[in-house]
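K.L.:
Quick one: sequence plus predicted model below, questions after.
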Protein chains: 2
Amino acid sequence: MAAEAPAPRAQYDVHRLLAVAVQVFIERGYDGTSMEDLARATGITKSSIYHHVESKEQLLRLALDRALGALFAVTEEVGFTAGPAIDRLRYVLGREVEVLCAELPYVTLLLRVRGNTEIERWALERRREFDRFVRAIVVEAAADGDIRADLSPALVERLAFGMINSITEWYRPGRVDVDDLKTTVVAIIGTGLGGAR
Amino acid sequence: MAAEAPAPRAQYDVHRLLAVAVQVFIERGYDGTSMEDLARATGITKSSIYHHVESKEQLLRLALDRALGALFAVTEEVGFTAGPAIDRLRYVLGREVEVLCAELPYVTLLLRVRGNTEIERWALERRREFDRFVRAIVVEAAADGDIRADLSPALVERLAFGMINSITEWYRPGRVDVDDLKTTVVAIIGTGLGGAR
C-alpha cells in the first residue's frame, strides 16, 4: 500500500480515492462533481488522480460495481439458493440489510443513480435484474401458500426494498445495531406477508 | 376564482400557483428556485405572483402546511383514536398511504425538506411530532402483546414510514391502484409484527 513513500499523496491508492470520490458524488451529485472537486477533496492533484483512474466515469463504475457486486454476491450464498421460498426471501432481505450497512456509501450512490450515462443505465439494469430475482422468490412463496395470494409480487418486492433502501437515509454506523435492524426488517416483512399456512 | 377575468394570468389563483410552485420546488430544489423560475413555470409575471403571495417562503409554507395538515388530520379520525393499538396502527398506516397518494407532490416536497430555513425546521419538527404519535401506538401495541416485545418501537416506526415514504419515489396516479397499495402496506407492516397473540 505504498508504505515506502512518505508523502501524503503517495498514501493514496485507488480504494481510498474511491471512498473519497463516492462521498463527493453523494454530496454534490455525480453530474455536479468535477475532477477539480475530487482533487480538492482528496488533497492530491488531478494528475495524481489520473495516475490511478482514467476518468470520473471510471470512479463511478468502480463504485457502482462494488455496490452491485456485494448485493449480487448474496444471491450465490446457500441461504438464497436452497430451502423453501419464504425462508430464502427472509434470508435475502436480512442479508441485504447487512450489505447496505457494510457498504453504505456505495449502496447510497447506487440508489441515487438516474441513468444519465451509459454506466448509470447499466447499473439501473443490474438493479432491475436483482429486483426480478427477488420478485421470482415472492411468486414462489405465494405459490407455496406462504404469502397472501391476493398481493401483487411486484408491489411486495417494491415495498420491501423501499423499506430496506430507506435505511440509507438515516443509518450511521454505530448508532443502531445492524443485527437489530436486520431482525426488525425480517420481522416486519418476512413474517408479515402471512399466507395460508 | 376570478372567473370574471378572461386573461390567462387572471386564471391563476393561489391553489394553482401553489401546485405549479411545488413541482418546480421538487424539480429544482427549493433553494435553487427563484421567483423568475416560478414566473416562467406559471407563465405569469413576478408581480402577478406577488399579487397572490408575499414571497417564495410563503409558497413553501402553504405547501408544507397542506401536506402536514392532511397527515395530521388522520390522527383525529375515529379509526385512529378508538380501538386496540394494533388496529389503530393499521388504520394510520393505511390512511397515510392514501394521503400520500392523494397529496403526492406536497408530501414529496415535505419529505425532501432538510431544515435550511425556519419554515423547513418547523416542518421537520411537525414531522417528528407525527412520528412520536405513531411510535406511541407501537409501544402500546407491544404492551398489548400485538407487536413482538423484542423490537424497538422507534425502529419499527422508522422502517414502516421508510416503506410508506418510498412510495413517493415511484407512484404515479393511475399506474397502481391505491387500494392495492394500501392493502399491501397494511398486510406487510400491520400483520408482520406478530406478538404474543
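P.N.:
Arrived safely, thanks for sending. Residues are numbered from 1 along each chain as shown, chains lettered A, B, ... in the order given.

K.L.:
Please tell me how far A:Ser144 sits from A:Thr81.
P.N.:
Quick fix: residue A:144 is Asp, not Ser. 16 Å (C-beta to C-beta, to the nearest Å). Backbone N, C-alpha and C define where each C-beta goes, glycine included.

K.L.:
Between the two, which is the more surrounded one?
P.N.:
Counting neighbours by other C-beta atoms under 10 Å in any protein chain shown for A:Asp144 and for A:Thr81 shows that A:Asp144 has the greater number, 14 against 10.

K.L.:
Quick check on that one: phi, psi?
P.N.:
When quoted as degrees, to the nearest 10, the phi and psi of A:Asp144 stand at phi -70, psi -10.

K.L.:
ok, now how distant is the nearest residue to it once chain neighbours are set aside from chain B?
P.N.:
Using C-beta to C-beta, 6 or more residues apart in numbering or on different chains and skipping residues adjacent in sequence, the residue nearest A:Asp144 is A:Ala85, 5.6 Å away. Remark: distance between A:Ala85 and chain B (C-beta to the nearest C-beta, to the nearest Å) = 16 Å.

K.L.:
now A:Arg158
P.N.:
Applying C-beta to the nearest C-beta to A:Arg158 and chain B gives a distance of 7 Å.

K.L.:
The helix or strand encompassing that residue: which residues count as buried?
P.N.:
Taking DSSP states H and E as the criterion, A:Arg158 maps to helix A:153-166. Within helix A:153-166, the residues that qualify as buried are A:153, A:155-166, counting by 16 or more other C-beta atoms under 10 Å in any protein chain shown.

K.L.:
again, but for stretch A:49-58
P.N.:
Within stretch A:49-58, the residues that qualify as buried are A:Ile49, A:His52, A:Val53, A:Lys56, counting by 16+ other C-beta under 10 Å.

K.L.:
One more: stretch A:170-182?
P.N.:
Neighbour-count burial for stretch A:170-182 [16+ other C-beta under 10 Å]: A:Tyr171, A:Val176, A:Val178, A:Leu181, A:Lys182.

K.L.:
Throw these into JSON lines and include pLDDT and secondary structure, thanks.
P.N.:
Shown next, in JSON lines, are the buried residues of stretch A:170-182 (pLDDT from 0 to 100; DSSP: H, G, I helix; E, B strand; the rest coil):
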{"residue": "A:Tyr171", "pLDDT": "95", "secondary structure": "coil"}
{"residue": "A:Val176", "pLDDT": "91", "secondary structure": "strand"}
{"residue": "A:Val178", "pLDDT": "95", "secondary structure": "helix"}
{"residue": "A:Leu181", "pLDDT": "95", "secondary structure": "helix"}
{"residue": "A:Lys182", "pLDDT": "95", "secondary structure": "helix"}
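
K.L.:
Mind telling me the two of these farthest from one another?
P.N.:
Within those, A:Tyr171 and A:Lys182 form the most distant pair, 11.6 Å apart (C-beta to C-beta).
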